[in-house]
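Student: Starting from these lines, generate the structure:
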Amino acid sequence: MKKLLMALVGWLWFSQSAMAELDILVTGGMDSGRPVAIVPFKSDGSLPEDLANVISSDLMRSGKFTPLSRNSMPEQPAQSGQINYPTWSALGTEAVVVGHVESAGAGQYRVTFELVDVARGKDGGNAVLDSRVATVTAKQLRKYAHRISDIVYEKLTGERGAFLTSILYVTVDRSQAMPYRLMLADYDGYNERMLLRSREPIMSPTWSPDGRRIAYVSFEKRTPAIFIQDLYSQARSMLVALPGINGAPSWSPDGRSMAVVLSKDGQPDIYTVDIGSRRLNRLTSDQAIDTEPSWSADGRSVFFTSERGGRPQIYKVDVASHSASRVTWEGDSNLGASATPDGKALVMVSRVQGSYRIARQDLNGGGVYVLTSSSLDESPSVAPNGSMIIYSTVYQGRQGLALVSADGRFKANLPSAKGEVRSPAWSPFLN
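Tutor: This next block holds a predicted model:
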């Protein structure tokens with residue numbers, strides 16, 4: 001459960017580019033997905049980014065694809081007309097991505113790619129599932145590679161890809177005078193940017209549904225307060241600062257209100273706050289500790305963690321009627337839940353035999369399916385298409401981030417180059 005008591009925070013606002021400090025180390029699931037091949041893009045010179053490597057890594061992390069290694073490729077064509085389909089079919093390859101990059105002058109590049117269905121090509125049919133041409137700058141090459149990944153993912157699965165997204169997370173480097181930093185990066189840790197830093201802990205970053213704003217908890221006024229910040233203008237405003245605890249903000253799906261934890265009347269309870277009027281709506285009033293709110297996909301109810309049954313479990317409260325009911329029953333305890341984007345399941349932290357692991361539960365009566373195998377996993381955040389989950393874990397004695405696919409097949413750690421990393425928050429789809 002998130003800590004309910006936090007230290008005073010002093011802020012220094014920052015906005016700067018930084019090298020990526022998160023390296024993805026694959027720990028499982030590389031050979032369990034659909035076989036595809038991302039052929040190295042042909043170019044007329046050296047490129048600042050290896051597009052094929054970025055695309056291959058994206059697809060692998062979804063847990064749904066197993067990209068063929070380069071040294072196993074029978075050929076490296078640059079366009080569909082050069083593909084020997086029977087050769088790729090003999091390897092069991094389902095689809096191939098080919099492309100080339102040309103200099104367009106003035107620091108720009110023209111990128112051409114094709115997604116090809118091997119079976120159709122072998123049978124003599126129209127094998128090209130999609131083809132695009134785009135002109136981008138050198139700095140945009142990596143993001144465009146993520147865009148290609150999204151296109152390939154959607155064409156092959158029928159679901160929208162979530163590789164062109166971002167994450168928020170908190171880093172802690174105790175060797176620094178201001179050790180706590182709130183960071184923004186691409187979902188894979190690249191293009192890292194510092195948003196703010198503090199002498200004291202930063203906690204509970206969360207995204208607005210449109211991806212333009214974030215919310216967080218600050219103690220800068222010597223009492224805890226929840227702030228909202230616009231990522232583009234850097235403008236911020238205080239949402240709520242009442243006596244006692246003000247914590248765990250969670251944006252409603254329509255972006256008009258925030259679920260929060262307040263203790264102004266004694267015990268921590270779940271409230272909603274109208275962002276425009278600041279009007280409060282108290283949802284729970286039990287004598288137990290109620291915390292960690294998160295909205296249902298339809299915005300009609302709020303999931304939360306409560307000890308009202310003796311041990312922490314997940315409950316759901318109806319926003320209109322304030323009627324609450326217990327949702328989880330398996331495991332020693334369950335906490336920190338959030339609904340998947342389709343509203344069909346919960347992702348949460350489940351305590352089993354003393355270990356805290358990321359788990360998923362079907363809301364239509366399914367059991368709890370444990371996705372991770374570490375002993376101290378927490379703060380799960382689901383990708384906007386529901387395919388991946390990022391969470392905080394302990395790896396080689398240091399707190400860092402990790403990825404797991406929604407089916408548990410693919411796993412990877414994202415250790416920091418220095419310090420600790422915690423409290424990840426995956427962005428919504430970004431335009």
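Student: Every contact and neighbour count from this point should use C-alpha atoms.
Tutor: Fine.
Student: The top helix by length along the chain packs against which elements?
Tutor: Longest helix of the chain, by residue count under DSSP state H: helix 141-157. Applying 3 or more Cα pairs under 8 Å, 6 or more residues apart in numbering; DSSP states H and E, we find helix 141-157 packed against helix 51-61, strand 128-137.
Student: Tell me where this protein has helices.
Tutor: Going by DSSP H, the chain shows helices at 51-61, 85-90, 118-122, 141-157.
Student: Just the buried residues of stretch 123-141, please?
Tutor: For stretch 123-141, burial by neighbour count (16 or more other Cα atoms under 10 Å) applies to 127, 128, 131, 135, 136, 137, 141.
Student: er, stretch 391-398 actually
Tutor: Neighbour-count burial for stretch 391-398, counted by 16+ other Cα under 10 Å, picks out 391, 392, 393, 394, 395.
Student: Give me the mean pLDDT for it.
Tutor: Averaging pLDDT along stretch 391-398 yields 87.
Student: For that stretch, give me every contacting residue.
Tutor: 374, 376-381, 399-403, 413, 415, 419-424 (Cα atoms under 8 Å, 6 or more residues apart in numbering).
Student: do the same with stretch 130-141
Tutor: With Cα under 8 Å, 6+ apart as the test, stretch 130-141 has contacts from 48-49, 51, 104, 107-116, 144, 155.
Student: Looking at these, point me to the pair that's furthest apart.
Tutor: With Cα to Cα as the measure, no two of these lie farther apart than 107 and 155, at 30.6 Å.
Student: What segments of the stretch 101-250 of the chain are strands?
Tutor: Assigned by DSSP state E, counting those that start in this stretch, the strands in the stretch 101-250 of the chain fall at 108-117, 128-137, 166-172, 180-186, 192-198, 203-207, 213-218, 225-230, 236-240, 246-251.
Student: Any stretches of this protein with poor pLDDT?
Tutor: Scanning the chain for pLDDT under 70 picks out the ranges 1-32, 417.
Student: per the record, what domains does it have?
Tutor: Under the assignment automatic domain parsing, the domains of the chain span 11-24+166-426, 28-157.
Student: which of those domains sits most buried?
Tutor: Mean neighbours per residue, mean count of other Cα atoms under 10 Å, is largest over these for domain 11-24+166-426, with a mean of 20.
Student: Let's have the buried residues of stretch 123-141 in JSON lines, adding distance to residue 191.
Tutor: Listed next are the buried residues of stretch 123-141 as JSON lines, based on distance: Cα to Cα, whole Å:
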{"residue": "127", "distance to residue 191": "35"}
{"residue": "128", "distance to residue 191": "32"}
{"residue": "131", "distance to residue 191": "27"}
{"residue": "135", "distance to residue 191": "20"}
{"residue": "136", "distance to residue 191": "16"}
{"residue": "137", "distance to residue 191": "15"}
{"residue": "141", "distance to residue 191": "12"}
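Student: Quickly check those for the two that are furthest apart.
Tutor: 127 and 137 (29.8 Å).
Student: contacting residues around the closest residue to residue 44 other than its chain neighbours?
Tutor: Once flanking residues are discounted, residue 44 sits nearest to residue 102: 6.0 Å by Cα to Cα, 6 or more residues apart in numbering. With contact taken as Cα under 8 Å, 6+ apart, residue 102 is in contact with 43, 44, 109, 110, 111.
Student: Please spell out which residue in the protein sits farthest from the middle.
Tutor: In the chain, the residue that sits farthest from the middle, by Cα atoms, centre = their mean, is residue 124; the gap is 40.4 Å.
Student: if I look at the closest residue in space to residue 114 that isn't next to it in sequence, how far off is residue 190?
Tutor: Nearest residue to residue 114, sequence neighbours excluded (Cα to Cα, 6+ apart): residue 131, at 4.3 Å. Distance of residue 131 to residue 190, computed by Cα to Cα, to the nearest Å: 26 Å.
Student: re earlier: any chance of the helices of the chain in JSON lines, with distance to residue 165 too?
Tutor: As requested, the helices of the chain are exported to JSON lines (distance: least, Cα to Cα, whole Å):
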{"stretch": "helix 51-61", "distance to residue 165": "12"}
{"stretch": "helix 85-90", "distance to residue 165": "32"}
{"stretch": "helix 118-122", "distance to residue 165": "29"}
{"stretch": "helix 141-157", "distance to residue 165": "9"}
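Student: what's the closest of these to residue 266?
Tutor: Between residue 266 and those, the tightest spacing by Cα to Cα is seen for helix 51-61, at 44.3 Å.
Student: tell me the angle that closest one makes with strand 108-117.
Tutor: If you take axes from the mean of the first three to the mean of the last three Cα atoms, to 10 degrees, helix 51-61 sits at 50 degrees to strand 108-117.
Student: What helices and strands are in contact with helix 51-61?
Tutor: Judged by 3+ Cα pairs under 8 Å, 6+ apart, the packing partners of helix 51-61 are strand 34-38, strand 65-67, helix 141-157, strand 398-405.
Student: Those into CSV, with extra columns for distance to residue 205?
Tutor: Below are the helices and strands packed on helix 51-61 laid out as CSV (distance: least, Cα to Cα, whole Å):
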stretch, distance to residue 205
strand 34-38, 35
strand 65-67, 31
helix 141-157, 24
strand 398-405, 15
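Student: and residue 90, which of the ones you listed is closest to it?
Tutor: Of all the helices and strands packed on helix 51-61, strand 34-38 sits nearest to residue 90, with 11.9 Å by Cα to Cα.
Student: my read: residue 260 touches residue 275, true?
Tutor: No - using Cα atoms under 8 Å as the test, residue 260 is too far from residue 275 to be in contact (11.7 Å).
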